[in-house]
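Participant: everything below, folded, please.
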Amino acid sequence: MDLTEPLARVGERIAAAGGDPDAVAVVAVTKGFGIEAVQAAARAGLVDIGENYAAELAAKATAARALGLEARWHFLGRVQRNKVRQIASDVSLWQGVDRLAAGGEIARRAPGAAVLVQVDVTGRPGRNGCGWDDAPALADGLRALGLEVRGLMAVGPGGDPESARPGFRRLAALAAALGLPDVSMGMSDDLEVAVAEGATMVRLGTALFGPRPQPEMVQG
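Facilitator: As a prediction, this is how the structure comes out:
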């Protein structure tokens, strides 16, 4: 698995959208792939690795250490309190914090941890993320727990990438209003829209690794 060409294409896409490829952080999402994807990312100089499931992150972090790979693990899924202990020592950035109770468990298991507040930019039932009006208070509450709130995170609505633009624009504006430096938004399909609207971090799986293998690993 060689990421040289895929990563170059990602850089071209970021530049074409008006972003600086050296300033927009790329999180390589290895969900569903084996440890070889982490190895390929390391060879390409990508140390920010994203996982959605606790069990998968824990297993890959253990394997990466055994192989001597450098990795900063980002937990991208909704934080389940009973799973925090399993991965607390491995996670560098918790990207899916959308309620204070989850932050409390993170603070207990990993004092001072870095987090992003996940905002639901779609307004659709069943989507993860706090509401727009709840985000400022949640950020304050997480800080009160001793956590480092670095920014905001969102998942686009899917479908036509242009449908993500209003939500992404509003998310970047809210981060600026709150004085938060990081805006994690944009995946393989809506990368350009996210960068154009101010993403400082994008989360890419298929753009780097190709189609995700099926079936995926058991969720955990």
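Participant: ranges for the helices of the protein?
Facilitator: 4-16, 35-43, 54-67, 81-87, 100-109, 135-144, 165-177, 191-196, 206-209 (DSSP state H).
Participant: let me have the ones you listed in CSV, adding distance to D22, mean pLDDT and mean neighbour count as columns.
Facilitator: Placement of C-beta: from N, CA and C, glycine included. Listed next are these as CSV, based on distance: least, Cβ to Cβ, whole Å; pLDDT from 0 to 100; neighbours: other Cβ atoms under 10 Å:
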stretch, distance to D22, mean pLDDT, mean neighbour count
helix 4-16, 9, 97, 15
helix 35-43, 17, 97, 19
helix 54-67, 25, 97, 17
helix 81-87, 29, 95, 17
helix 100-109, 30, 97, 18
helix 135-144, 28, 98, 17
helix 165-177, 19, 98, 18
helix 191-196, 13, 98, 23
helix 206-209, 17, 97, 20
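Participant: P125 is nearest to which of the ones you listed?
Facilitator: Nearest to P125 among the helices of the chain is helix 165-177; the distance by Cβ to Cβ comes to 15.7 Å.
Participant: re earlier: quick one: which of the helices of the chain is nearest H74?
Facilitator: Distances from H74 to each of the helices of the chain were compared using Cβ to Cβ; the minimum, 8.9 Å, belongs to helix 54-67.
Participant: now the angle from the closest one to helix 35-43?
Facilitator: Helix 54-67 and helix 35-43 meet at an angle of 60 degrees, taking axes from the mean of the first three to the mean of the last three Cα atoms, to 10 degrees as the criterion.
Participant: settle this for me: R85 is touching R109, isn't it.
Facilitator: Yes - counting by Cβ atoms under 8 Å, R85 touches R109, with 5.5 Å between them.
Participant: out of the helices of the chain, which gets nearest to A154?
Facilitator: Ranking the helices of the chain by their distance to A154 (criterion: Cβ to Cβ) puts helix 165-177 first, at 5.1 Å.
Participant: who touches the closest one?
Facilitator: Outside helix 165-177, the residues within contact range by Cβ atoms under 8 Å, 6 or more residues apart in numbering are 119, 121-122, 132, 135, 151-152, 154, 156-157, 181-183, 185-186, 190, 193-194, 196-199.
Participant: go again using 7 Å as the cut-off
Facilitator: When contacts are defined by Cβ atoms under 7 Å, 6 or more residues apart in numbering, helix 165-177 is touched by residues 119, 121-122, 135, 151-152, 154, 156, 183, 185, 193-194, 197-198.
Participant: one more: stretch 61-73?
Facilitator: Under the criterion Cβ under 7 Å, 6+ apart, external residues in contact with stretch 61-73 comprise 35, 38-39, 42, 47-49, 51, 57, 90-92.
Participant: now do 10 Å
Facilitator: 25, 27-28, 30, 34-36, 38-39, 41-43, 45-51, 57-58, 60, 87, 89-94 (Cβ atoms under 10 Å, 6 or more residues apart in numbering).
Participant: which residues does D2 contact?
Facilitator: Here D2 is in contact with 40, 43-44 (Cβ under 10 Å, 6+ apart).
Participant: please redo it, this time with the cut-off set to 7 Å
Facilitator: Going by Cβ under 7 Å, 6+ apart, the list of residues near D2 reads A40.
Participant: any idea how far it is from V10?
Facilitator: From D2 across to V10, the span is 14 Å (Cβ to Cβ, to the nearest Å).
Participant: next one: D140
Facilitator: 35 Å.
Participant: check G112 too.
Facilitator: Applying Cβ to Cβ, one obtains 32 Å for the distance of G112 from V10.
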